[in-house]
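Visitor: sequence first, predicted model second:
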Amino acid sequence: MIFHYDVVIIGSGMAGLRAAIETGGNGLNTAVISKSFPTRAHSVVAQGGISAALGNATEDSWEIHMEDTIKGSDYLGDQDAIEVMTRDAPRTVYELEHMGVPFSRIKHGVIAQRPFGGHTNPRACYAADRTGHVIMQTLYEQCIRQKVKFYSEYFVLNLIIEERVCRGLVAYDIKNGDIHTFHAKTVLLATGGALMNYSFTSNGFANTGDGLAMIYREGIPLEDMEFVQFHPTGLYPLGILITEGVRGEGGILLNDKGERFMESYAPHMKDLASRDIVSRAMYTEIKEGRGIGGKDYLHLQISHIGKDAIMEKLPDMYKFAMTYVGVDCTKEPFPVKPTAHYIMGGIPTDKDGRVVIDEKNTPVFGLYAAGECACASVHGANRLGCNSLLDTVVFGRRAGKHIMSFVEETDFPLLPADADYNSIKMIENIINSQGKELVGKIRKELQNIMEEKCSVFRTEELLKDCLYDIRDLKDRYKEISIMDKEKLFNTDLILALELGCMLEYSEVIVLSALERRETRGAHSRVDYPERDDENYLKHTLVYKTPDGPKLSYKDVSITKYQPAVREY
Amino acid sequence: MELVFKIKRFNPKRDKKPYFKNYKIKAEKSDRILDCLNKIKWEQDGSLTFRHSCAHGICGSDAMKINGKNQLACQTLVKDVKGKEIVVEPLPAMTVIKDLVVDLDDFFDKYEVVKPFLISKTPPPYKERLQSHEDRKLLDGSYECILCGACTSSCPSYWADKKFLGPAALLKAYRFVFDSRDEATHERLRILDGEHEIWKCHTIFNCAEVCPKELNPTWAISELKKLIIKRKF
């Protein structure tokens, strides 16, 4: 079938839903496509809070928020975009509250705020440790109110882009195997995270970066993909996130000797230094033999704030540790290790969410991206905690607003006759493939390779090895076969499609990391331990070409703060 | 340890009726049931079909019946289930699409009936609306629902009457009725006050027993019933 929409949004996490409220609520014919259900997207697991300088706990201002974010980004963030985000943060949080988000409250009934890593002031607005859950539910509720049309359990296969105009997309209905074309004036990618390509990860099974691969296949570059954030506290040995809010509420990291080691790495901010600094410190402690019992994890202690405070502010953390590792965090420390968490890079966009294709920021007409899959770039080389939820809602809304004006002035673009041809072939190839390789096996190998060779500390040698291995896996991927050949709810096929996406952008992550010969933010090169502003104060762009990936660079927007030494 | 997974399979396009298929796997006590299902799917039988996403009890994708009780596959560990044979079935009282995947359309349609969004007739202030800590606490025990469907599918009243809204939708109604910022209590209670709506709940507590978030919809429904009665006199 061919559907026609003013706007089709891919992904039903926070960025997608916020954009849908904007366009659907203002009368645009809006569809949201989700490969699961709208309430299942991984935004739902965000825990600690959303940042905004409300000043409810102590005095604060958006200017300090902006400065903190730029410093956190190791000066790679685009300052014009960061200004837009931090300036708009208080309005954004008030708007969420007006929509119905049940934030926790403090004195006089205002929204509660807690300290978070890299933020000078307590700025994380929260609902216990379920902030993602409550915002997601509220945004979904507003979508119901606006009667937004959802296509749940549809997997988008390809975008339709010709002559720098986006004309829609082709999607696969998981429930029955039908392939549909969505003819659209605008498409917004809000496909979220991509770190299922690591073995120790806080990401969910759906975080396979399908949007990144879709864009890359169209010859549009991916930006700053080398910057992968490792969240300091993944619950060992599973990788499930233990919120930075634990440290925000007074939690401390301890090594095997019981030392509060962050005091020596970040004397001022200590355990609440930015995530890149804390994760590096933890890896160093483990490498130097101070992991717990000589193993590769450390302790996060919160018991000293008392059981009542824990149960009130961190109830899910208590439950996770109890359920999965049998640890009672009111008495014992959490076992933790840095976990692959967030990708700062992604689809290059401008401040209105328009996808841009080169160093001159030339836009693709009708194509937008927002949230984790996008790179505006507000996080630069390292994101501050709580800035991701803010990013999704601010830029989801801004993209929605830009789409409003674009749709008004634009007719439906011409749809090529064979728009779904490549997509049909894509499915047929996998279904009919008779190779000997197993999807599950290649995915496992990819995860292990990325974990081992492209993690917190990187070297030329490891990265070259990693690139070689991934290219080998890409070759082997051509020889896969799947067991389920049916049209009905074929998740075997979906796993194969997702693996194809992961291999595509994993190569880009590694190549970008190899070519950035400096240490900046989350990208830490043992062989190039210093930041090198002279050569690398610039964004990486990687294009897919018939001759293999091609690198290019683009300038960073610096408006108010010149790069300085970064100390916490 | 070696375990036998006895999994209820059904492909309505091909099978006349559901059947059980056994899979032997090696698992650790600390493995989630979801880890085991993935192992079976990735290594033995790619056609085994189930939903999953976050894998730690927040997204609500993988509710299913494990050893006779509705629970999340990602929140149930091998050590939590007794014996070496683990029986896995789809959620009961819902149409099976394939294997462990059930049709949730009716579940979400019921959810929409209760107007699951904040209704406020007063224009909001420039900043946040104020809500006391105590008023906010009234929402604890309801806002945490992850819409997994374990409760509604376990409810005998829902088994008997498919028009019944079910515990998940009613818990959502509670979340807004008891929100000090909401101004549509009358309208909400009117929607609930009907045979297939709130009065079909016969206080059986199955929902509370199975809720993976340890919520108690039966209690919340009783509070709503009391409010409806009070308003009549």
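Guide: That came in fine, so what should we check first? Numbering: from 1, shown residues only, chains lettered A, B, ... in the order given.

Visitor: and chain A, what are its domain boundaries?
Guide: Following automatic domain parsing, chain A resolves into domains at A:2-227+A:344-409, A:239-337, A:421-525.

Visitor: now the strands: where do they sit in the stretch 151-300 of chain A?
Guide: Under the criterion DSSP state E, counting those that start in this stretch, the stretch 151-300 of chain A contains strands at A:154-162, A:165-173, A:179-189, A:222-223, A:228-235, A:240-241, A:252-254, A:298-301.

Visitor: can I get these in a markdown table including distance to residue A:147 and mean pLDDT?
Guide: C-beta: built from backbone N, CA, C; applies to glycine. Output for the strands of the stretch 151-300 of chain A, formatted as a markdown table (distance: least, CB to CB, whole Å; pLDDT from 0 to 100):
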| stretch | distance to residue A:147 | mean pLDDT |
| --- | --- | --- |
| strand A:154-162 | 19 | 98 |
| strand A:165-173 | 21 | 98 |
| strand A:179-189 | 18 | 98 |
| strand A:222-223 | 35 | 98 |
| strand A:228-235 | 37 | 98 |
| strand A:240-241 | 34 | 96 |
| strand A:252-254 | 48 | 98 |
| strand A:298-301 | 44 | 98 |
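
Visitor: between those strands, which one is closest to residue A:438.
Guide: Ranking the strands of the stretch 151-300 of chain A by their distance to residue A:438 (criterion: CB to CB) puts strand A:154-162 first, at 20.3 Å.

Visitor: before we move on, the earlier item: please identify the deepest-packed of the domains of chain A.
Guide: Highest mean neighbour count among the domains of chain A (mean count of other CB atoms under 10 Å in any protein chain shown): domain A:2-227+A:344-409, with a mean of 24.

Visitor: how near is residue A:565 to residue A:533?
Guide: From residue A:565 over to residue A:533 the distance is 11 Å, taken as CB to CB, to the nearest Å.

Visitor: among the two, which residue is more densely surrounded?
Guide: Neighbours per residue, other CB atoms under 10 Å in any protein chain shown: of residue A:565 and residue A:533, the larger number sits with residue A:533, 16 against 6.

Visitor: next up, the contacts around whichever residue of the stretch 51-200 of chain A sits closest to chain B.
Guide: Residue of the stretch 51-200 of chain A nearest chain B, by CB to the nearest CB: residue A:100 (3.1 Å). With contacts defined as CB atoms under 8 Å, 6 or more residues apart in numbering or on different chains, the neighbours of residue A:100 are A:138, A:141, A:142, B:117, B:118, B:179, B:181, B:182.

Visitor: ok, 6 Å please
Guide: Residues near residue A:100 by CB atoms under 6 Å, 6 or more residues apart in numbering or on different chains: A:138, B:118.

Visitor: redo the strands of the stretch 151-300 of chain A as JSON lines? Include distance to residue A:451.
Guide: Formatted as JSON lines, the strands of the stretch 151-300 of chain A follow (distance: least, CB to CB, whole Å):
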{"stretch": "strand A:154-162", "distance to residue A:451": "26"}
{"stretch": "strand A:165-173", "distance to residue A:451": "30"}
{"stretch": "strand A:179-189", "distance to residue A:451": "27"}
{"stretch": "strand A:222-223", "distance to residue A:451": "21"}
{"stretch": "strand A:228-235", "distance to residue A:451": "10"}
{"stretch": "strand A:240-241", "distance to residue A:451": "16"}
{"stretch": "strand A:252-254", "distance to residue A:451": "21"}
{"stretch": "strand A:298-301", "distance to residue A:451": "18"}
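
Visitor: now tabulate the ones you listed in TSV and tack on distance to chain B.
Guide: Below are the strands of the stretch 151-300 of chain A laid out as TSV (distance: least, CB to the nearest CB, whole Å):
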stretch	distance to chain B
strand A:154-162	13
strand A:165-173	12
strand A:179-189	18
strand A:222-223	24
strand A:228-235	9
strand A:240-241	5
strand A:252-254	22
strand A:298-301	17
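
Visitor: and the helices in chain B?
Guide: Per DSSP state H, chain B carries helices over the ranges B:33-43, B:105-113, B:133-137, B:150-154, B:156-160, B:167-177, B:185-192, B:206-210, B:217-232.

Visitor: pipe these into CSV and attach mean pLDDT and distance to residue A:41 per row.
Guide: What follows is those, written out as CSV (pLDDT from 0 to 100; distance: least, CB to CB, whole Å):
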stretch, mean pLDDT, distance to residue A:41
helix B:33-43, 96, 18
helix B:105-113, 97, 15
helix B:133-137, 96, 25
helix B:150-154, 98, 20
helix B:156-160, 97, 27
helix B:167-177, 98, 19
helix B:185-192, 96, 27
helix B:206-210, 98, 24
helix B:217-232, 96, 24
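
Visitor: who wins for proximity to chain A among these?
Guide: helix B:33-43 (3.0 Å).

Visitor: could you see whether chain A lies near that closest one?
Guide: Yes. Using CB under 6 Å from any CB of the partner chain, we find that helix B:33-43 touches chain A at residue B:42.

Visitor: near chain A, which residues of chain B are found?
Guide: Counting by CB under 6 Å from any CB, chain B comes close to chain A at B:13, B:42, B:46-47, B:49, B:52-54, B:56, B:58-59, B:61, B:97-98, B:101, B:112, B:116-118, B:124, B:127-128, B:130-133, B:136, B:139, B:143, B:147.

Visitor: just the buried ones out of these, please.
Guide: Buried members of the residues of chain B next to chain A, counted by 16 or more other CB atoms under 10 Å in any protein chain shown: B:42, B:46-47, B:49, B:52-54, B:56, B:58-59, B:61, B:97-98, B:101, B:116-118, B:127-128, B:131, B:136, B:139, B:143, B:147.

Visitor: residue B:156 is nearest to which of the domains of chain A?
Guide: Among these, domain A:2-227+A:344-409 sits nearest to residue B:156 (CB to CB), with 25.7 Å.
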